[in-house]
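# Based on what follows, work out the 3D shape:
(2 chains)
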Protein chains: 2
Amino acid sequence: MDGMSQRTRLTPEQRREQLLDLGVRLFATHSLDELSIDVVAREAGISRGLLYHYFGDKVAFREAVVRRAAADLVAQTAPPATGDAAERLLASMTAYVDFVDANYEGYVSMVRGAASDPVLRKIYDEAFGALGGRIFDAGADFVTDSPAARLLVRGWQAMSEELVLSWKTDPAGLSREELLSILAGSLLTLLEMLEQG
Amino acid sequence: MDGMSQRTRLTPEQRREQLLDLGVRLFATHSLDELSIDVVAREAGISRGLLYHYFGDKVAFREAVVRRAAADLVAQTAPPATGDAAERLLASMTAYVDFVDANYEGYVSMVRGAASDPVLRKIYDEAFGALGGRIFDAGADFVTDSPAARLLVRGWQAMSEELVLSWKTDPAGLSREELLSILAGSLLTLLEMLEQG
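Prediction:
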């Protein structure tokens, strides 16, 4: 009996990961403000004290959740290794729309939190930078890397975020395919505008 | 003497306007958090108590300043009555870049404040809506009004804001003219993408 419970007992790291997973799952449909220690402790079936033990305090827990959600976003939108640049961009944008769709409440809350909280802003900026930087990674053969191109990609990312969030609230008659076509196509067009001077 | 001071004495409304003007001037180079009652009262040469008398409290004063700054933005970026659509768009965008340039600290602070404060968000959204709505006003002959076109304009506005704020921090080798050409050109291109389906 003791042997059994030894075998299935989680290490503190595993237990912390499990709580983080739960937090991220709740973050999909709850804003940061709603992500209270009470809710998470109840869902996890543990005491508030134990949650504090793993994460220090409420702010640290929320930061850990946002950090994990941002890492999930970056991981889930990784473009496929094969295909031409336009295909890979479209696949990545499709994954982005799916992510925002599935994690709308938390995503909006992260964007808003980033505007007012320096720690959240840093997490958000790093994820935003990682997503944008991919455009310039080896294999992204449709763009010449330059400070101006990176500036344009930043602007395009802001537009994409606004478009997807607004579309999620009100599709305005645009199908998912039409939205994706505009998202991917507008990047190519913007970068062409730059090349043409 | 009394007659003189009677003639030059401001009405409460005029005095309030004058204080608001001062607040908006300070808001150009100060964030909302820096826009303290102390600073404004000192600059105006009046007591804190008098400032409270005119505006109620600090939050109400800040809201009044942001409301005025947003109205200034909308007024200063009004497109000229003549010229073709592309010329008027370019003139309006030039005024937008000039406004952000001259009011950078306050503008950034308004954008960030809008993310976390519902009252500021309402002011910001109204200004954002007024700027975007102009694209569809009579005379904007390059666009068919539709929910999808309005969605795209929202996205384009978010991109424009990000581009101008990032460019102001680091021009990335882009001249003001090149930036403006991209801002105005990208809207036309986006709307063309929509028309082409």
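# Point out where chain A drops to low pLDDT.
Where chain A drops to pLDDT under 70, the residues are A:1-8, A:138-141, A:197.
# So which bits of it are right by chain B?
Proximity of chain A to chain B (Cβ under 8 Å from any Cβ of the partner chain) is limited to residues A:111-116, A:146-148, A:150-152, A:154-163, A:166-167, A:170, A:172-174, A:178, A:181-182, A:185-186, A:189-190, A:193-194, A:197. C-beta: built from backbone N, CA, C; applies to glycine.
# Filter those down to the buried ones.
Among those, those classed as buried by 16 or more other Cβ atoms under 10 Å in any protein chain shown are A:111-115, A:148, A:150-152, A:154-163, A:166-167, A:172, A:174, A:178, A:181-182, A:185-186, A:189-190, A:193-194.
# Can you give me the domain assignment for chain A?
A:10-65, A:77-197 (automatic domain parsing).
# So which of these is nearest residue B:32?
Between residue B:32 and these, the tightest spacing by Cβ to Cβ is seen for domain A:77-197, at 10.9 Å.
# I'd like the distance between the most centrally placed residue in chain A and residue A:40.
Closest to where the C-alpha atoms of chain A average out (Cα atoms, centre = their mean) is residue A:73, at 3.1 Å. Separation of residue A:73 from residue A:40 (Cβ to Cβ, to the nearest Å) stands at 20 Å.
# swap in residue A:100?
Counting by Cβ to Cβ, the gap from residue A:100 to residue A:40 is 23 Å.
# neighbour count winner among these two?
Using other Cβ atoms under 10 Å in any protein chain shown as the criterion, residue A:100 and residue A:40 rank with residue A:40 on top: 25 against 20.
# Name the nearest residue to residue A:145, sequence neighbours excluded.
Distance criterion Cβ to Cβ, 6 or more residues apart in numbering or on different chains; nearest residue to residue A:145, sequence neighbours excluded, is residue A:136 at 4.6 Å.
# Report the buried residues of the host helix or strand of residue A:23.
In this assignment (DSSP states H and E), residue A:23 forms part of helix A:12-29. Neighbour counts using 16+ other Cβ under 10 Å place A:15-16, A:19-20, A:22-27 of helix A:12-29 among the buried residues.
# Relative to chain B, which of those residues is nearest.
Minimum distance to chain B across those is 17.4 Å, recorded for residue A:27 (Cβ to the nearest Cβ).
# Settle this for me: the closest one is touching residue A:34, isn't it.
No. Taking contacts as Cβ atoms under 8 Å, residue A:27 lies outside contact range of residue A:34: 9.1 Å.
# tell me, what's touching the two both at once?
Here residue A:27 and residue A:34 have residue A:105 as joint contacts, going by Cβ atoms under 8 Å, 6 or more residues apart in numbering or on different chains.
# Name the single longest helix found in chain A.
Across chain A, the longest stretch assigned as helix under DSSP state H is helix A:147-169.
# just checking, what packs against whichever helix or strand comes after that helix?
For helix A:147-169, the succeeding helix or strand toward the C-terminus, using DSSP H and E, is helix A:176-195. Helix A:176-195 sits against helix A:85-102, helix A:147-169, helix B:176-195, with contacts defined as 3 or more Cβ pairs under 8 Å, 6 or more residues apart in numbering or on different chains; DSSP states H and E.
# Between helix B:147-169 and helix A:176-195, find me the angle.
Calculated by axes from the mean of the first three to the mean of the last three Cα atoms, to 10 degrees, helix A:176-195 forms an angle of 40 degrees with helix B:147-169.
# contact partners of helix A:176-195?
Counting by Cβ under 8 Å, 6+ apart, A:86, A:89-90, A:93-94, A:97, A:135, A:142-144, A:146, A:148-149, A:152-153, A:155-156, A:159-160, A:163-164, A:167, A:171, A:174, B:148, B:152, B:181-182, B:185-186, B:189-190, B:193-194, B:197 sit against helix A:176-195.
# and what of stretch A:12-30?
Residues contacting stretch A:12-30 (Cβ under 8 Å, 6+ apart): A:10, A:35, A:39-40, A:43-44, A:46, A:51, A:54-55, A:61, A:64-66, A:68-69, A:72, A:102-106, A:109.
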